[in-house]
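Engineer: Okay, predicted coordinates and the sequence, questions at the end:
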Amino acid sequence: MIKYLGSKRRLIPAIVELVRQQGQGVTTVLDLFSGTSRVGHALKAAGYRVIANDQNAYAHTMALCYVQADAEDVVHDAERLLAEFARLPGRPGYVTETHCERARYFHPKNGARIDAIREAIAAKCLDPELEAVLLVALMEAADRVDSTVGVQMAYLKSWAPRALRDLELRLPEVLPRARHGKGEAHRLDAREAAGLAADLVYLDPPYNQHSYLGNYHVWESLVRWDRPEVYGVACKRVDVKARRSDFNSKRRCLAALAATLDGLAAPRWILSFNDEGHLPRAVLEELLRARGALTVASHANPRYVGAKIGIHDPSGARVGEVGHLTNREYLFHVVAGPRA
């Protein structure tokens, strides 16, 4: 899967085990802020029916691939099409012009191949699940040859060694249908999706001011293929300025989380949060205890890869060091009380 700020890769065993401990009454899990669908993918592998939700188009596409699509339905056609696309010569277009020449996220040779493959996918007019598998394959191939520190706020001044490698398409790890049923992928506001029927909800909302759309705008444009106008040295989509989340606002995030919790239909919740977020642990515990029986588990976790590399300016030059390389990840487990 793609490099991702806030990825729960190391926490997945603990999350899956906590869900398993809920017993046989939990068969359907709602992942309300699904991101790369890493958690949803792991829960699907464990047999749960997963309902994934995320407002960003790239995240919804990953959920279609990793949660909703089943291997028995899409893998044969995906392998055939990926082999076809792998033979395409590069054809410079929007990605090359915007993200290789105006910016330097990809080497132009790979940008031209991304353009050619993305146009070929669009021309096929495919079923959404199959198209999502191909788009995720392209996104992950591009991620393996990017020239960033892990987010798309900036790019490196000189090409990263991986950026000089040739783009290589690989089939994503699409799973067979889960034991408890076919998954779903939704693209709704979290407060709207909170009412979707499930036995347990996993919530991993944004923690701080860093917008996922702003950090992964290239993937948003690649998936939507809308060739947006861009701004700044980083060539971000202009709608990054307008599509802001209350969860990224220090002033509004508590009310947004409270409203989301109050809309949950499921009786059991797992909230993932860390100590770099706008909301301190004590505030979260007060919020959750008012709504049910609460237990908390704490885990040490290395910060994202960019923290190890250091602080860089928009041109990619290193300008400083981060203050710490480890944070605390909390898993808040709530069994909701009766509604008033």
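Structural biologist: Ah, there it is. Residues are numbered from 1 along each chain as shown.
Engineer: What's the per-residue pLDDT of residue 25 here?
Structural biologist: Looking at residue 25, its pLDDT is 94.
Engineer: can you check residue 315 too?
Structural biologist: Reported pLDDT for residue 315: 55.
Engineer: Could you do residue 326 as well?
Structural biologist: Value for residue 326, per-residue pLDDT: 68.
Engineer: so where is the protein shaky, pLDDT-wise?
Structural biologist: 301-318, 320-326, 339-340 (pLDDT under 70).
Engineer: From the centroid of this protein, which residue is nearest?
Structural biologist: residue 35 (2.3 Å; Cα atoms, centre = their mean).
Engineer: excluding its backbone neighbours, what's nearest that one?
Structural biologist: residue 59 (5.5 Å; Cβ to Cβ, 6 or more residues apart in numbering). To be clear about C-beta, it is placed using only N, CA and C from the backbone, and glycine gets the same treatment.
Engineer: Check which helices and strands the one helix or strand that neighbour maps to sits against.
Structural biologist: Secondary structure from DSSP states H and E places residue 59 in helix 57-63. With contacts taken as 3 or more Cβ pairs under 8 Å, 6 or more residues apart in numbering; DSSP states H and E, helix 57-63 sits against helix 128-143, strand 184-186, helix 217-224.
Engineer: Quick check: buried residues in the first one?
Structural biologist: Neighbour-count burial for helix 128-143 flags 129-143 (criterion: 16 or more other Cβ atoms under 10 Å).
Engineer: hmm, back to that, in this model residue 9 seems to touch the residue nearest to the centre of the chain, though I could be wrong.
Structural biologist: No. The pair residue 35 / residue 9 is not scored as a contact, 11.2 Å apart, by Cβ atoms under 8 Å.
Engineer: so what's residue 110 up against?
Structural biologist: 90, 100, 142, 145, 163, 166-167 (Cβ atoms under 8 Å, 6 or more residues apart in numbering).
Engineer: Would you format those residues as JSON lines with secondary structure and distance to residue 80 included?
Structural biologist: Listed next are the contacts of residue 110 as JSON lines, based on DSSP: H, G, I helix; E, B strand; the rest coil; distance: Cβ to Cβ, whole Å:
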{"residue": "90", "secondary structure": "coil", "distance to residue 80": "21"}
{"residue": "100", "secondary structure": "helix", "distance to residue 80": "29"}
{"residue": "142", "secondary structure": "helix", "distance to residue 80": "21"}
{"residue": "145", "secondary structure": "coil", "distance to residue 80": "24"}
{"residue": "163", "secondary structure": "helix", "distance to residue 80": "29"}
{"residue": "166", "secondary structure": "coil", "distance to residue 80": "21"}
{"residue": "167", "secondary structure": "coil", "distance to residue 80": "19"}
